[in-house]
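Novice: Fold the following.
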Amino acid sequence: KSRIAAHIVELTRKDGGLVFATKFDRSQDVSPLAKIGVIFNDLIDLFATVASPSTLLSLSNDLENALGIHAALLYEVLPSLPRIMPSCSQVRCHVDQVNM
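Specialist: As a prediction, this is how the structure comes out:
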């Protein structure tokens, strides 16, 4: 497994991709899903830092079209999401108002 993972990491980085890694330790009390959430937040933060404004705008539009009001659900577990999709925090406020 480690050789395959190392090879994939090498190819991904060679092609300019980003790689985030973590270890899942069964003895820890941290849920694997929580760790995945942390990795996605880190990925969002890095991507928001390195992407061009036009790329961020395009991604934001694509995410808005794909997620619609469901972006509010992702915002709950990915607090960095507004960095690549500013409207998701507005959607959350709208959904909260509708649910009141």
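Novice: Could you use CA atoms for every contact and neighbour count after this?
Specialist: Fine.
Novice: Where do the helices of the protein begin and end?
Specialist: Applying DSSP state H to the chain gives helices spanning 2-14, 32-50, 53-67, 71-77, 87-99.
Novice: right, so those: which one is the most enclosed?
Specialist: Most buried of those, by mean neighbour count (mean count of other C-alpha atoms under 10 Å): helix 71-77, with a mean of 17.
Novice: Let me know the average pLDDT across that one.
Specialist: Helix 71-77 carries an average pLDDT of 84.
Novice: helices and strands around that helix, which ones?
Specialist: For helix 71-77, the elements it packs on are helix 87-99, judged by 3 or more C-alpha pairs under 8 Å, 6 or more residues apart in numbering; DSSP states H and E.
Novice: What's the mean pLDDT across the helix it packs on?
Specialist: For helix 87-99, the mean pLDDT works out to 55.
Novice: got it, and stretch 12-32?
Specialist: Averaged across stretch 12-32, the pLDDT comes to 79.
Novice: Generate CSV for the helices of the chain, with distance to residue 25 as supplementary columns.
Specialist: What follows is the helices of the chain, written out as CSV (distance: least, C-alpha to C-alpha, whole Å):
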stretch, distance to residue 25
helix 2-14, 16
helix 32-50, 9
helix 53-67, 32
helix 71-77, 21
helix 87-99, 32
